[in-house]
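Asker: My questions are about this predicted structure, shown below with the sequence.
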Amino acid sequence: MIRGWFVLLACALLAACGEAGAPDAPSPSACTGLADDTMVWIPGGSFTMGEDPRYPEEGPPRRVTVKGFWMDAHEVTNAQFAAFVAATGYVTVAEREPPVLPGAPPEMAQPGSAVFRVPTPDDRTWWRWAVGAQWRDPEGDTAGIAGQERAPVVQVAYEDALAYAKWAGKALPDEAQWEYAARAGAAALPEPVDGKGKAQANYYQGVFPARDLGTDGFTGRAPVGCFSANAWGLHDMIGNVWEWTSTAQPHADDTPMSGVIKGGSFLCAANYCARYRPAARQFQERGLGTDHIGFRLIDTRRPPPQD
Ligand SMILES: [Ca+2]
């Protein structure tokens, strides 16, 4: 347990591929994001999960069959999460008093969460514990989320996502469902660009971690739906923010249970963490959110479309 909090910070910091360029400039994009909260039907089928693994944890490739299900067309937004909190009074993990950890830095005794920062010559760490960081203030700098109603909610731990899902009457996808939906029947590309080299997702351009050039229009989180949907109508499956799945990643020792997150984020760069592919996966301590992990939900009980 004591070790857990140090491990979890390291997990968020190392595992979440979050070692990359930060939002260091206002977004030049005028995109305001999708206003509707639709779900799209994902037809069942078979696919090769972990196909063409670039990192060892993605393989080995194996054939998997997935039943049809409905999936959120975009990541859960700040506006959606705010509605949940208003209706239930839910308090997220980042807002609660953290466990007492002998020997931990004093700031970790206060509610907060992990926030990325651009390393400097004097401080090479890429992540810090930001007192007060939570979904209403993802960077813990009191900037808040005003005007970001359609941006994906972040600083949500796994149990926060589960609580939202229960309220919404939906569920988190497991890793196979998520990966199948992200592929939409297509082969994975080595980088999320079209045939002309134009970015098709919010990820990191430039040499990480020196500077995110933001040539895709964003140097931080983007409002949902600012990039084209995949063939099944899903936006931002790649990039923007990592997404929680229900798939667990047990550890052999006593470190806390991790969950599998998918899709990469705005912090994933070609020169460092090319995990902006459907097969890519990371292990994330379930008790800790960060400013680049969100989620979307599925509905397996709703009947398929009748057309
Ligand atoms: Ca970007």
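Answerer: Looks like it came in fine. From a predicted model like this one, the values you see are computed outputs, not experimental measurements.

Asker: For residue 259, see how far away residue 251 is.
Answerer: 12 Å (C-beta to C-beta, to the nearest Å). C-beta coordinates here come from the backbone N, C-alpha and C atoms, glycine included.

Asker: The two: which is more packed in?
Answerer: residue 259 (22 against 13; other C-beta atoms under 10 Å).

Asker: So which elements touch the strand or helix carrying the more buried one?
Answerer: Following DSSP states H and E, one finds residue 259 within strand 258-262. Judged by 3 or more C-beta pairs under 8 Å, 6 or more residues apart in numbering; DSSP states H and E, the packing partners of strand 258-262 are helix 175-183, strand 242-249, strand 281-285.

Asker: name the helices or strands packed onto the last one?
Answerer: Helices and strands in packing contact with strand 281-285 are listed as helix 2-10, strand 242-249, strand 258-262; criterion 3+ C-beta pairs under 8 Å, 6+ apart.

Asker: again, only using 7 Å
Answerer: Where contact means 3 or more C-beta pairs under 7 Å, 6 or more residues apart in numbering; DSSP states H and E, strand 281-285 is packed against strand 258-262.

Asker: Residue 61 reaches residue 47, doesn't it?
Answerer: No. Counting by C-beta atoms under 7 Å, residue 61 sits too far from residue 47 to count as a contact (9.9 Å).

Asker: In terms of neighbours, single out the busier of the two.
Answerer: The neighbour comparison of residue 61 against residue 47 (other C-beta under 10 Å) goes to residue 47, with 19 against 14.

Asker: Next, the more buried one: secondary structure please.
Answerer: Using DSSP: H, G, I helix; E, B strand; the rest coil, the structure places residue 47 in strand.

Asker: thinking it is in contact with residue 183, fair?
Answerer: Yes. Counting by C-beta under 7 Å, residue 47 does reach residue 183; the two are 6.2 Å apart.

Asker: So which residues on the stretch 201-307 of the chain come close to the ion?
Answerer: By C-beta under 5 Å from the ion, the part of the stretch 201-307 of the chain that sits against the ion consists of 202, 216, 218, 266.

Asker: how about 6 Å then?
Answerer: 202, 203, 204, 214, 216, 218, 219, 266 (C-beta under 6 Å from the ion).

Asker: give the contact list for the residue positioned nearest the centre of the chain.
Answerer: Central residue of the chain (C-alpha atoms, centre = their mean): residue 242, 1.8 Å from the mean position. Applying C-beta atoms under 7 Å, 6 or more residues apart in numbering, we find residue 242 in contact with 16, 261, 262, 263, 264, 265, 282, 292, 293.

Asker: what does residue 157 give?
Answerer: By C-beta under 7 Å, 6+ apart, the contact set of residue 157 is 92, 93, 286, 287, 288, 289.

Asker: Repeat that for residue 69.
Answerer: Applying C-beta under 7 Å, 6+ apart, the residues contacting residue 69 are 42, 177, 298, 299, 300.

Asker: Swap in 10 Å and give it another go.
Answerer: Shown in contact with residue 69 (C-beta atoms under 10 Å, 6 or more residues apart in numbering): 39, 41-44, 170-171, 173, 177, 180-181, 298-302, 304.

Asker: Counting only strands, which of those make the cut?
Answerer: 39, 41, 42, 298, 299 (DSSP state E).

Asker: From those, pick the one nearest residue 79.
Answerer: residue 39 (16.3 Å; C-beta to C-beta).

Asker: buried ones in the strand holding residue 259?
Answerer: For strand 258-262, a neighbour-count test (16 or more other C-beta atoms under 10 Å) marks 258, 259, 260, 261, 262 as buried.
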